[in-house]
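Engineer: Sharing a model that was predicted from the sequence below.
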Amino acid sequence: MDNINLVHGFELKRDVYESFAQTVSNLISRLLGADGVTMHSVSHRCKTLNSFKVKVEKKNSYEVLEQITDLAGIRLITHYEDDVDKVAKIIESEFLVDIENSIDKRKALDPDRFGYLSLHYVVSLRPDRAKLKEYRSFAGLKAEIQVRSILQHTWAEIEHDTGYKSNIEVPKHIRRRFSRLAGLLELADQEFIGIRTALESYSLSVAARLVESPDDQDEGLDVLIDKVSLGKFLELDPLVAELDREVCKILNASCGADVAHALNDIFRLKLVGIDSLVELKSALRDNRHLIMKRAKAVSQMTGAEGLKNIEDLQLRYAICVLYLLQVLAGKSGNLDTVRERLSRMGFKSNFDFASSLKKLTDETAD
């Protein structure tokens, strides 16, 4: 087939390839989600008509449209370099892979040359999937799938922008700088994997200390508050669960199970001098009565109907920590100091709110 007929054939089928690219992209997203693989991004594209013309004129050896394997393209960007291999296993098990036209460019690069490349697959739908009604129109079509980490993608984009893709294209005095940069990016990819592993190990260590620590003792709680330690404490500490149940009973409401929002309280806790888990648990114990008084005040202030509308966002897991912060602000000094503390914490700092908290804590002190 000559180039004119190739171009005309692609023009007629371009909408099918566009739909195919989107369908494969959506399918891969579902497959990755089912396997718990979190991606930075999943995107797709169909080759433009102008790009197709340039390709066939440049190579001038294609006889049929089916020989061109990159008309539909999907790009998968992972957060970590080792996730590329996880994605690869899913692709190989869920698609027919054209081995002859697929290449792992990470292995193809000579060690003494610069470059930072990705994994390229050419795939088609498996026969069992292509028989399904929603996939029948794509039987026999091929798509190119690129898989790379964020840093690999960064290299590829910069390389594309500079226009240099091989040693012979790069001035000799600049070549070494390219090689150093590729090495640094490779090391950075490995360091990010190491950091992720260390954080996972730290999270397991904190969880183990919390589980092993008796409820009436705090040996396992001598840990500084950070995102990981606070999250595990709120999730696992029995006192937090107990106080939450009491608060929600007073408010005639149920508490959610998500602790992600409570991580915003790290800064607030540090404002009131709570830097470790042992200090947080001690503060919860010491101010238990005030936390419950705050819950009763909220219930009386809003009423049964108003509570649902006004306080619903506060009816959350670890609400006891939220009320702890509020009563600690109320104990911080005179009314102006209370208002200033509430403002720094990001709470509303109007006169009525500050006054009610100060009154609540003053009454307890008396």
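Structural biologist: In hand now; what should we look at?

Engineer: What's the mean pLDDT across the strand or helix carrying residue 229?
Structural biologist: Element membership for residue 229, per DSSP states H and E: helix 227-236. Mean pLDDT, helix 227-236: 89.

Engineer: Other residues contacting that helix?
Structural biologist: Identification of contacts with helix 227-236 by C-beta atoms under 8 Å, 6 or more residues apart in numbering yields 199, 202-203, 206-207, 210-211, 221, 223, 240, 259-260, 262-263, 265-266, 269, 277, 280-281, 317-318, 321. Placement of C-beta: from N, CA and C, glycine included.

Engineer: what element comes up after it heading to the C-terminus?
Structural biologist: Following helix 227-236 in sequence, per DSSP H and E, is helix 238-250.

Engineer: What are the contacting residues of that following helix?
Structural biologist: Counting by C-beta under 8 Å, 6+ apart, 215, 233-234, 254-255, 281, 284-285, 288, 291-292, 295-296, 299, 315, 317-321, 323 sit against helix 238-250.

Engineer: swap in stretch 2-15?
Structural biologist: The contact list for stretch 2-15, computed with C-beta under 8 Å, 6+ apart, reads 1, 17, 46-47, 49, 52-53, 56-57, 60, 62, 65, 71.

Engineer: one more time with 7 Å, if that's ok
Structural biologist: 46, 49, 52, 53, 56, 57, 60, 62, 65, 71 (C-beta atoms under 7 Å, 6 or more residues apart in numbering).

Engineer: Next: stretch 322-336.
Structural biologist: 247, 265, 268, 272, 283-284, 287, 290-291, 294-295, 314, 338, 341-342, 345, 347, 354-355, 357-358, 360-361.

Engineer: now do stretch 277-286
Structural biologist: Outside stretch 277-286, the residues within contact range by C-beta under 7 Å, 6+ apart are 218, 221-223, 225, 229, 233, 237, 239, 243, 269, 274, 320, 324.

Engineer: do that again at 6 Å, thanks
Structural biologist: Outside stretch 277-286, the residues within contact range by C-beta atoms under 6 Å, 6 or more residues apart in numbering are 218, 221, 222, 223, 233, 239, 274.

Engineer: sec struct for the last one, please.
Structural biologist: Counting by DSSP: H, G, I helix; E, B strand; the rest coil, the backbone at residue 274 sits in coil.

Engineer: Show me the shaky parts of the stretch 101-250 of the chain.
Structural biologist: 105-117, 163-169, 213-220 (pLDDT under 70).

Engineer: can you give me the strands in it?
Structural biologist: Here the stretch 101-250 of the chain has its strands, by DSSP state E, counting those that start in this stretch, at 103-104, 119-125, 143-149.
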